[in-house]
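Novice: using only what follows, build the 3D model:
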Amino acid sequence: MVPEEVMQYGKFGGNFLPSRPIISVLHSELFLGSTPEHAPSATVTLQRNTMMPNRVNLPAFASAVVFANALLLANVTHGLETEPRNLSFEDATEATGGHPRGWEFLQHGGNPSFEFAVDDQVAKDGKHSLRIKRTGTEPYCLVSQTIKADRFRGKRVRLTAFVRLDNVESFGRGVSGAYLLLKSDGGGGRSFDDMRDRPLRGTKPWTEVNVEIDVLPVAAVIEFGAGLTGSGTLWVDAFKLEAVTTGGNSAQTTK
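Specialist: Sure, this is the predicted structure:
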C-alpha cells in the first residue's frame, strides 16, 4: 500500500524516490554496515525454514546483492539532473505540476495546508524568491531538489541559503519552525541534517543559514531544500551547494 504522504507528494508534482533501495537494506543488515569491498568472506549459517538449505556462500551472495543494488540505484537516479538548477527561482516558469522548474513540493498527507508561490515582491538575489505559507493543520512541508551524487561522493558538502521569516513559531506537538534539509542516500547508507535540533523561529530579515554533511563514497543521490513545520511564512532564496575542501576552498553551484 502506498503511504498517504507519498500520494500527497504526487499531487504536488513530485516524483517519489525510495529513500533506501530494498536490496541496500538487506546489504546493511547482512554486513552490519560494511561496504561491499569489506564484506566478510567466511561461509556463514543462516537460520531458515527447515525445508530450505541452511548454508550459503556469502561471497557469491554478496556479489548478487551488490549487483542487484547497483541496478536499483541506476533506476533511482534515472532521469535526475547531475547539477542543481534555478537556485534563486529566477526561472519562474511553472513546470508540469505547477511549480518553478527544478523544484518539487511536498506536504504531509491530508488536506492542503501550505501555499507555495514564487514571490516577485520579496527577493534576496535577483527578482524572485520562493514563499511558503501555512494555511492548514498538516504537520510539515518541503520544497526540494534531488540530483545525482556523482560530483559530491566522498566529500564534505555544504548547503547555504538565505531565509526570511514572518511569525514562524511552534505548531502542534514537538519541535517545529523553519529549516533547511541536506541529505545523501543510496548504497546502504545515509547522511542528513534537517536542523531538527535548531529550527528557525520568529520574524527575521534575510539571514544566511547553512548545513553540512559528509557524503558517502557510495551515495546515489543528494536531496536539498527547505521546509516549514511551524506557523507563519517562510521565504527562501539564493541556494548554494558546494563541496568543501580541506583547504577551506569550495567548488560551488549557484545557478
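
Novice: tell me the domain boundaries of the chain?
Specialist: 4-14+84-253, 22-77 (automatic domain parsing).

Novice: going by neighbour count, which residues of the host helix or strand of residue 242 are buried?
Specialist: For residue 242, the element it lies in under DSSP states H and E is strand 233-244. Applying a neighbour-count criterion of 16 or more other CB atoms under 10 Å, one finds 233, 234, 235, 236, 237, 238, 239, 240, 241, 242, 243 buried in strand 233-244. For glycine as for every other residue, the C-beta is placed from the backbone atoms N, C-alpha and C.

Novice: next one: stretch 83-102
Specialist: By neighbour count on 16+ other CB under 10 Å, the buried set for stretch 83-102 is 84, 86, 87, 88, 89, 91, 99, 100, 102.

Novice: hey, least reliable of the domains of the chain by pLDDT?
Specialist: Here those differ in mean pLDDT, and the lowest is domain 22-77 at a mean of 41.

Novice: residue contacts, the nearest residue to residue 199 once chain neighbours are set aside?
Specialist: Distances taken as CB to CB, 6 or more residues apart in numbering put residue 177 closest to residue 199, at 2.9 Å, once the chain neighbours are dropped. The contact partners of residue 177, by CB atoms under 8 Å, 6 or more residues apart in numbering, come to 168, 169, 170, 199, 200, 201, 228, 229, 230.

Novice: do that again at 10 Å, thanks
Specialist: Going by CB atoms under 10 Å, 6 or more residues apart in numbering, residue 177 touches 165, 168-171, 195-196, 198-202, 227-232, 234.

Novice: in three-state terms, label residue 116 for me.
Specialist: State at residue 116, reduced to three classes by DSSP: H, G, I helix; E, B strand; the rest coil: strand.

Novice: please apply the same query to residue 126.
Specialist: Residue 126 - assigned by three-state DSSP - is coil.

Novice: the helices in this protein, which residues?
Specialist: Ranges of helices within the chain are 4-11, 22-31, 58-77, based on DSSP state H.

Novice: now the buried residues of stretch 83-102 in JSON lines, with distance to residue 114?
Specialist: Below are the buried residues of stretch 83-102 laid out as JSON lines (distance: CB to CB, whole Å):
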{"residue": "84", "distance to residue 114": "22"}
{"residue": "86", "distance to residue 114": "20"}
{"residue": "87", "distance to residue 114": "21"}
{"residue": "88", "distance to residue 114": "21"}
{"residue": "89", "distance to residue 114": "17"}
{"residue": "91", "distance to residue 114": "22"}
{"residue": "99", "distance to residue 114": "12"}
{"residue": "100", "distance to residue 114": "15"}
{"residue": "102", "distance to residue 114": "19"}
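
Novice: tell me the one of those residues nearest residue 141?
Specialist: residue 99 (12.2 Å; CB to CB).

Novice: wait, the closest one sits on residue 105?
Specialist: Yes. Contact status for residue 99 versus residue 105: in contact at 5.3 Å, counting by CB atoms under 10 Å.

Novice: quick one on the thing from earlier: what helices and strands are in contact with the strand holding residue 242?
Specialist: On a contact count with 3 or more CB pairs under 10 Å, 6 or more residues apart in numbering; DSSP states H and E, strand 233-244 meets strand 114-119, strand 129-134, strand 141-148, strand 156-168, strand 178-186, strand 202-214, strand 221-228, strand 250-253.
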